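>>> Predicted structure and sequence below. I'll ask about it afterward.
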Amino acid sequence: MEPVKEISGRAYPFGQKNVDTDVIIPSHWLKTITREGLGKGAFETLRQNPDNLFDSDEFKGSPILVAGDNFGCGSSREHAAWALLDMGIHAVIAPSFSDIFSGNAFKNGILTVVLPQEAIDRLVEVAKTDPIDIDLEAQTVTTPFQDRFTFEIDPFRKHCLMHGLDEVGLTLERGDAISGFEAEVRADRPFLAHGVDLAASA
């Protein structure tokens, strides 16, 4: 997982409320056995309109999505996060998120920023013409017009995102502690290994 520290650029001024995971990625895309290419199916229904926001020359490839309340509701499909990431979105700003979607986004390196509706309304307007900057370390969202919005984030999630740590990365961070524990087991309770070298079989 790539570290997330600062995300800057144009943002999709989406703003719609109650966007469920079937809108983010329709169910027929769930048959794929790979994460790659899911960006083509992201917001497929909306993209049937040739004037849609996501395929416009001005916004296509934007790293930020500004959305409405309850983003990511509906089924728990992790494909929704995969699809957003595949289309280049690394942060979503909204008044609230589905808990399951928020968890899936975090595990895939997507920053979810919760801001009040007044801030969302302002960011939607700014995003129509200008870029937005998200600073995860400072926990701020700023615009070229001196707007500055602060957001809260769980310290554990912040640490993982800033250091690019998924479950495997977190385990490797504890490598010394794990090796130390295995050495203690070999010394104090060798019968548990049944003659198997724990270090060699790890």
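Structure received. Numbering: from 1, shown residues only.

>>> roughly how far apart are Asp135 and Val141?
Distance, Asp135 to Val141, using C-beta to C-beta, to the nearest Å: 8 Å. From N, CA and C alone the C-beta is placed, and that goes for glycine too.

>>> Compare those two and say which is more crowded by neighbours.
Val141 (25 against 14; other C-beta atoms under 10 Å).

>>> so what does the strand or helix carrying that one touch, helix or strand wise?
For Val141, the host element (DSSP states H and E) is strand 140-142. Counting contacts by 3 or more C-beta pairs under 8 Å, 6 or more residues apart in numbering; DSSP states H and E, strand 140-142 packs against strand 132-135, strand 148-150.

>>> Could you look over those strands and pick the most buried one?
strand 132-135 (a mean of 20; mean count of other C-beta atoms under 10 Å).

>>> Adjacent strands (with direction) for that strand?
Applying DSSP bridges, strand 132-135 is found paired with strand 6-9 (antiparallel), strand 140-142 (antiparallel).

>>> want to throw the helices and strands packed on strand 140-142 into CSV with distance to Arg189?
Below are the helices and strands packed on strand 140-142 laid out as CSV (distance: least, C-beta to C-beta, whole Å):
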stretch, distance to Arg189
strand 132-135, 49
strand 148-150, 51
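
>>> Quick one: closest of those to Phe181.
strand 132-135 (37.8 Å; C-beta to C-beta).

>>> if we can go back for a sec, can I get the strands paired with strand 132-135 in a markdown table including distance to His79 and mean pLDDT?
Listed next are the strands paired with strand 132-135 as a markdown table, based on distance: least, C-beta to C-beta, whole Å; pLDDT from 0 to 100:
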| stretch | distance to His79 | mean pLDDT |
| --- | --- | --- |
| strand 6-9 | 22 | 98 |
| strand 140-142 | 27 | 98 |
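
>>> from these, which stretch is densest packed?
strand 140-142 (a mean of 19).

>>> which outside residues touch that one?
93, 113, 115, 119, 123, 132-135, 147-151 (C-beta atoms under 8 Å, 6 or more residues apart in numbering).

>>> Go through the residues you listed and name the one nearest Thr21.
Using C-beta to C-beta, these come closest to Thr21 at Ile93, 17.9 Å.

>>> and the longest helix anywhere in the chain, what does it pack onto?
Looking across the chain with DSSP state H, the single longest helix is helix 175-188. Contact analysis of helix 175-188 by 3+ C-beta pairs under 8 Å, 6+ apart lists helix 198-201 as its packing neighbours.

>>> what's the average pLDDT for the helix it packs on?
The average pLDDT for helix 198-201 rounds to 52.

>>> Spatially central residue for this protein, please.
Centroid-nearest residue in the chain, with C-alpha atoms, centre = their mean: Ile110, separated by 1.6 Å.

>>> any idea how far that residue is from Val185?
38 Å.

>>> Repeat that for Phe151.
Where Val185 is concerned, Phe151 sits at a distance of 43 Å (C-beta to C-beta).

>>> So for these two, which residue has more residues nearby?
Legend: neighbour count by other C-beta under 10 Å for Phe151 and Val185, higher for Phe151 (18 against 13).

>>> Quick check: chain neighbours aside, which residue is closest to that one?
Counting by C-beta to C-beta, 6 or more residues apart in numbering, Phe151 lies nearest to Val113, which is 4.9 Å off, once chain neighbours are set aside.
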